[in-house]
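Engineer: From the sequence below, what's the structure:
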Amino acid sequence: MKKIWLIMIVVIILSGCTATREKEERSLGSIMKNIITHELNEVEPEHKDEVNEWLADARLNGTEGQFYIKSYSDETSEFKYSYIYGKGYSDYEVSFGYTSSDLTSKGDIRIAGIKGENYADSFVKVKSINDRSIFLIVSDENSRNSK
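Structural biologist: Model prediction:
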């Protein structure tokens, strides 16, 4: 009888450890989604009219390789929304980086325009935590071309 109880306790402990590890892995993904997300050619409903007007102007007056940024944030908002458009870019590489040894900087969001074979004029929406110490860096050099 004691052996059965001992086996049951070991099984319960082992299953609890496995569940904790899975929960940690899932929570890392959800934490990153709370720091930064991005979507191609998507606009938040409350920004739609203003972004469409801004985008039409940028497409009409922009030059090849030039980037345009439209941002929305205020002191009370949890998130900052940035729309990035580069004439001639069909896709964007978005990455978040930080230096754990530098406590004065929260990091930077790097956006690189990618020119595709087909000429699609795309833009990217970046939703990030609203923190002034996170910088937005835009370039036409993505990591695939810089290696």
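Engineer: what's near enough to touch the nearest residue in space to Y92 that is not next to it in sequence?
Structural biologist: Leaving aside its sequence neighbours, Y92 sits nearest to V124 (Cβ to Cβ, 6 or more residues apart in numbering; 4.1 Å). In this view, the C-beta of every residue, glycine as well, is placed from N, C-alpha and C. By Cβ atoms under 8 Å, 6 or more residues apart in numbering, the residues touching V124 are H38, E39, L40, N41, Y83, I84, Y92, V94, I111.
Engineer: can we see that at 10 Å?
Structural biologist: Going by Cβ atoms under 10 Å, 6 or more residues apart in numbering, V124 touches 38-42, 82-86, 89, 91-94, 111, 113.
Engineer: Sitting in strands, which of those do you find?
Structural biologist: Here DSSP state E is the test, and the contacts of V124 give 38-40, 82-86, 91-94, 111, 113 as lying in strands.
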